[in-house]
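A.B. asks: sequence and predicted structure below; questions after.
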Amino acid sequence: MNHENHTRLTLTDLDSTMLEGATIYDQMDENVGSVSHVYGTGAGMEVMLDVGTFLGMGGKTVSIPVSALSVMRDEDGDVHATTTWTKAQIEALPDDDHS
């Protein structure tokens with residue numbers, strides 16, 4: 001996916017409603033997972049990311065700081081994000097479902 005023409009969003013633009021369901025891509029532009037929930041606001045926001053699922057089965061939920069993401073809106077208005085972390089780094093994070 002070419003993110004060049006996508007509108008970058010700042011921390012002040014972001015809220016949980018906007019981020020929930022957003023797809024996250026790694027540095028190789030591979031789909032890492034999707035945002036299931038968001039905790040906090042602003043720079044301290046934590047994004048709960050469902051990773052490692054296949055056909056809705058398996059996987060886990062990991063927490064990453066919003067500061068690790070570059071959040072943007074595409075031409076269709078859909079919000080997604082990229083990160084410099086690799087898919088392997090994200091999948092290696094401990095399961096953290098905030099239960």
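C.D. replies: Nice, thanks for sending it over.
A.B. asks: the residue nearest to the spatial centre of the chain: which element?
C.D. replies: In the chain, the residue lying closest to the centroid (CA atoms, centre = their mean) is Ile24, at 4.0 Å. Assigned by DSSP states H and E, Ile24 belongs to strand 23-25.
A.B. asks: contacts for that strand next, please.
C.D. replies: 1, 31-35, 47, 49, 69, 80-83, 90 (CB atoms under 8 Å, 6 or more residues apart in numbering). C-beta coordinates here come from the backbone N, C-alpha and C atoms, glycine included.
A.B. asks: from the residues you listed, which land in strands?
C.D. replies: Counting by DSSP state E, those place 31-35, 47, 49, 69, 80-83 in strands.
A.B. asks: which of those residues sit farthest apart?
C.D. replies: The largest distance within the ones in strands among the contacts of strand 23-25, taken as CB to CB, falls between Asn31 and Val47 and amounts to 15.1 Å.
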